[in-house]
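> The following comprises the amino acid sequence and a computationally predicted model.
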There are 4 protein chains.
Amino acid sequence: MCRWVAYKGQPVFLEHYVTTADHSLIHQSLHAEKGKTVTNGDGFGIGWYGARDNPGLYREILPAWNDTNLKSLASQIQSSLFFAHVRASTGTATNRCNCHPFAYDKWLFMHNGQIGDYHRVRRGLELQLSDDYYEHRFGSTDSELLFLLAVQENLQKCPVTAMRNVLHRVREAMIDKGIRTPLRFTSCLSDGKRLCGFRCSSDHHAPSLYYRRYENGDVVLVSEPIDRQSECWIEVPQDHAVCFKENGDMVQTEMPLH
Amino acid sequence: MCRWVAYKGQPVFLEHYVTTADHSLIHQSLHAEKGKTVTNGDGFGIGWYGARDNPGLYREILPAWNDTNLKSLASQIQSSLFFAHVRASTGTATNRCNCHPFAYDKWLFMHNGQIGDYHRVRRGLELQLSDDYYEHRFGSTDSELLFLLAVQENLQKCPVTAMRNVLHRVREAMIDKGIRTPLRFTSCLSDGKRLCGFRCSSDHHAPSLYYRRYENGDVVLVSEPIDRQSECWIEVPQDHAVCFKENGDMVQTEMPLH
Amino acid sequence: MCRWVAYKGQPVFLEHYVTTADHSLIHQSLHAEKGKTVTNGDGFGIGWYGARDNPGLYREILPAWNDTNLKSLASQIQSSLFFAHVRASTGTATNRCNCHPFAYDKWLFMHNGQIGDYHRVRRGLELQLSDDYYEHRFGSTDSELLFLLAVQENLQKCPVTAMRNVLHRVREAMIDKGIRTPLRFTSCLSDGKRLCGFRCSSDHHAPSLYYRRYENGDVVLVSEPIDRQSECWIEVPQDHAVCFKENGDMVQTEMPLH
Amino acid sequence: MCRWVAYKGQPVFLEHYVTTADHSLIHQSLHAEKGKTVTNGDGFGIGWYGARDNPGLYREILPAWNDTNLKSLASQIQSSLFFAHVRASTGTATNRCNCHPFAYDKWLFMHNGQIGDYHRVRRGLELQLSDDYYEHRFGSTDSELLFLLAVQENLQKCPVTAMRNVLHRVREAMIDKGIRTPLRFTSCLSDGKRLCGFRCSSDHHAPSLYYRRYENGDVVLVSEPIDRQSECWIEVPQDHAVCFKENGDMVQTEMPLH
């Protein structure tokens, strides 16, 4: 199980959520509390929206806690919308192409979860990618594949619909192969304006997803709360998506996979 | 263009060909003389047969000249059949999965060359891999793909026939797509007993391939001579394969692609 | 706290103790049981005696569990005396020069412990190194420094005496600076024939040290037992050294630091 | 010989000088034209002033041309004063601590050149560092050592005087040891406001140093011109320093070492 943080709000230095806080992502990469995996040491990444429409990306295979570059970058870069992710591999190799977040054009995506028996449906799902999108398949993870399938599905129009369609297609492929291991999908997606979180699964056991809204409208969306004020964190229920619009409004949608 | 050395003969320390000689592969990785690419700094690898049927593999994304581990390993490991390769990428990412040699079961393979407009035929060729072999597709290079296609083609029976079939299939795929950039293929293959070298192309411009046989039967097969005694090195002609059998016999076969 | 294994006996593949067993070092690097540090993900290393008098060395900054090279090397390399170490940094940088084991000439050394307030005595202790030995100071750890001081002290004659002298000198330097944080030192040393283990401290709280002797004379010396047969593992008491001679004899020596 | 670029002027994206231009630093890292070293593949680094007084730092041991993170960072980060450096090691190890630029407090420094027979004067010069500055000695290069000595010398008051004093001290140490290999020093220094370049040596053969001033006041200071408009680049003469003040004024000072 991976760990991640996404932020949308007033511009802040990334370090506030990534490297310096008591319960920052770096701390979590050593000591995850709500997850099953003790250590998230299989690479990490940050993605942020800044002066360009397309996000910046910094990914590294070292454990986050050992990367001096990350400390410096997080203390210099300010952003009003960014992602940070520490990885615990579910089987695919530890290289930069397999580290989250993934970027395509103006989109950022990161994921915590897993396609059950992924190796048995991987090829069939890759075939659903058109040549153009397949050229952006740089790694081998199920996460990147889910993302590219969603981009191809026209994310721009409605991220929730696009993602639902993709997940239904994945489920079909799994059922075709008689796979009983579940599909579990907790993820985060943005185009630089909207911030969407998804928590759904084929077995009602998707990894946790929480958000916190501050009075000034800042939103933090996380795999697990990053501070001890547990009453401030709202858990997104199983099989739901949440979208924070550019104007700050939030929409919660049911998103069953079964 | 990459640079490589393969050795078959009395057990020697790898350092003799990899790290210490004046014209060793490390020297070549900084200053290739016959190749078009000045620097071979995009990763390297060694593969060797030792106490097991399956070869050992050590691959790293650093330039070979900067890797202290390589110096120590090459001074410790002895082998009677080994490969060493320094990479100059033709476009795919620099990560360990894309570094040569590639291993599958008891087979080792390394390559210098390129499928013209590879991105246009990649998917079609990957589809020719059965699910079992596709699971061993860890990287994204044309080299690994050619190797897995050859393994699937029953290398065991006759490496030259298997490789010829694969290359013809690749050419067909290229012609189907109207690709005019050539296919150039200079490579090296072994099962731990036989050592085979290939030099063929669709345009008579395959990268160079040389070998040297010593009086005691030792053979060195290289992308370019590794010492100044140019009269001792025999150039394998365009569109030919050479195979050194376990007993030391050598067979040279024509292998046209057109 | 780091974790480590040393082996002396019949030649075995390193994988037996490093990568494949249930309680192998790789397993421990994710889940140390007796140590205070949960994760040993700050680099690792192996050192082994083979065909040369001087040992081979392979060190990497990735977590051991993520290194495909380690898996292959451990499955190929056989040795009758080797070290393996997974590191949890006590403050110094994660780079290869700071990974254990350390080698000098025919000697190998690895360490678990720490000089209290090291930064306050580091310079003074480095000054005790002659220019010749200082040129072999590649990293910044207290471990490498302790090793070079010991090499300079004439390890060849008697490793235990040399190490005791060095540790007393370190204690003096600490006392001179008024340092109250303890010196804790559990380590392992070899010249390719003898295997010595040390467990001593200024406060009777040196990290654990165990060994197991098999009927055929094989010895395994470890920071913590690597299997569940706890009755087979003998704990080296606080403030003692053990030396396994080339002929298999074992000598245990008191080695107080106070 | 290393290669580097420093910029002071209107805020620009780093990519303009680092990754995208025909003659950008990445291009130079593969094909240096005026230098003796063909390849600058032993790590690289960027340092930039942004939202903080202290500069950001990103350093990596991969060749610059292989680092996907660098491409993304250079396309996102804007700065009105930044450094970029590609390294060709003169002997010390390739790790991040040895990559330029070096940072201390608000200061940035990068260097091209070498202390002749450095290993013979290194210890003596390190002893001139106070304990406080020695704690910031993370690597082993002569470059970092020269920088820390200069910081200790009160750079703030006058960078040229401080650097001259340090270099004279280094020369003395070299002469004391009877070293005949020259001291060559071409470097760049900034506090985020002033930009200073140095070109001096003990033998009138310091590496090249050029600058170009644009009409709008932008300044580029480089180890070699980065475009073909050679008439626009002014060579700093041997044994001189240039300082561009915050208001844009430039002062050139003689700085002989003999």
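Happy to help now that I have it. The model shown is predicted, which means the values in this text are computed figures rather than measured ones.
> where does chain A dip in pLDDT?
Regions of chain A meeting the criterion pLDDT under 70 cover residues A:1, A:21-23, A:28-38, A:90.
> elements contacting the longest strand anywhere in it?
In chain A, ranked by residue count with DSSP state E as the criterion, the top strand is strand A:3-13. Using 3 or more CB pairs under 8 Å, 6 or more residues apart in numbering or on different chains; DSSP states H and E, the elements in contact with strand A:3-13 are helix A:15-18, helix A:25-30, helix A:68-76, strand A:78-86, strand A:107-115, strand A:183-190, strand A:195-201, strand A:219-222. Every residue, glycine included, has its C-beta placed from N, CA and C.
> Paired strands for the next helix-or-strand element following the second one, with orientation please.
Toward the C-terminus, helix A:25-30 is succeeded by strand A:44-48 as the next helix or strand (DSSP states H and E). The partner list of strand A:44-48 in its sheet, established with DSSP bridges, is strand A:56-60 (antiparallel), strand A:78-86 (antiparallel).
> quick one, what contacts the closest residue to chain D within the stretch 151-258 of chain A?
Distances from the stretch 151-258 of chain A to chain D, computed as CB to the nearest CB, single out A:Gly192 as the nearest residue at 12.6 Å. Going by CB atoms under 8 Å, 6 or more residues apart in numbering or on different chains, A:Gly192 touches A:49, A:53, A:55, A:81, A:106, A:108.
> which stretch of helix or strand covers it?
Under the assignment here (DSSP H and E), A:Gly192 is part of no helix and no strand.
> Quick check: it vs chain C, distance?
For A:Gly192, the distance to chain C equals 32 Å [CB to the nearest CB, to the nearest Å].
> Over to A:Ala162?
Shown here: A:Ala162 relative to chain C, a distance of 33 Å by CB to the nearest CB.
> any residue of the helix or strand that contains that residue up close to chain B?
Secondary-structure element containing A:Ala162, defined by DSSP H and E: helix A:159-176. No: legend: contact between helix A:159-176 and chain B by CB under 8 Å from any CB of the partner chain is lacking; minimum distance shown is 13.5 Å.
> to the chain's geometric centre, what's the distance from that helix?
Helix A:159-176 sits 17 Å away from the centroid of its parent chain (CA atoms, centre = their mean, to the nearest Å).
> got the CA positions of that helix in CSV?
What follows is the C-alpha trace of helix A:159-176 in CSV, where atoms were taken according to Å, rounded to 0.1, in the frame of the first residue of the first chain:
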residue,chain,number,x,y,z
PRO,A,159,-13.2,12.6,-14.8
VAL,A,160,-15.7,10.5,-12.7
THR,A,161,-17.5,9.1,-15.7
ALA,A,162,-14.2,8.4,-17.5
MET,A,163,-12.7,6.6,-14.6
ARG,A,164,-15.9,4.7,-13.9
ASN,A,165,-15.9,3.4,-17.5
VAL,A,166,-12.3,2.3,-17.3
LEU,A,167,-12.8,0.5,-14.0
HIS,A,168,-15.8,-1.3,-15.4
ARG,A,169,-13.7,-2.4,-18.3
VAL,A,170,-11.0,-3.6,-16.0
ARG,A,171,-13.5,-5.6,-14.0
GLU,A,172,-14.8,-7.2,-17.2
ALA,A,173,-11.4,-8.2,-18.2
MET,A,174,-10.8,-9.7,-14.7
ILE,A,175,-14.1,-11.6,-14.8
ASP,A,176,-13.3,-12.9,-18.3
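> Please spell out which residues along that helix are buried.
Within helix A:159-176, the residues that qualify as buried are A:159-160, A:162-164, A:166-167, A:170-171, A:173-174, counting by 16 or more other CB atoms under 10 Å in any protein chain shown.
> Now tabulate the contacts of A:Gly192 in TSV and tack on neighbour count.
Written out in TSV, the entries for the contacts of A:Gly192 read as follows (neighbours: other CB atoms under 10 Å in any protein chain shown):
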residue	neighbour count
A:Tyr49	22
A:Asp53	10
A:Pro55	26
A:Leu81	24
A:Lys106	16
A:Leu108	29
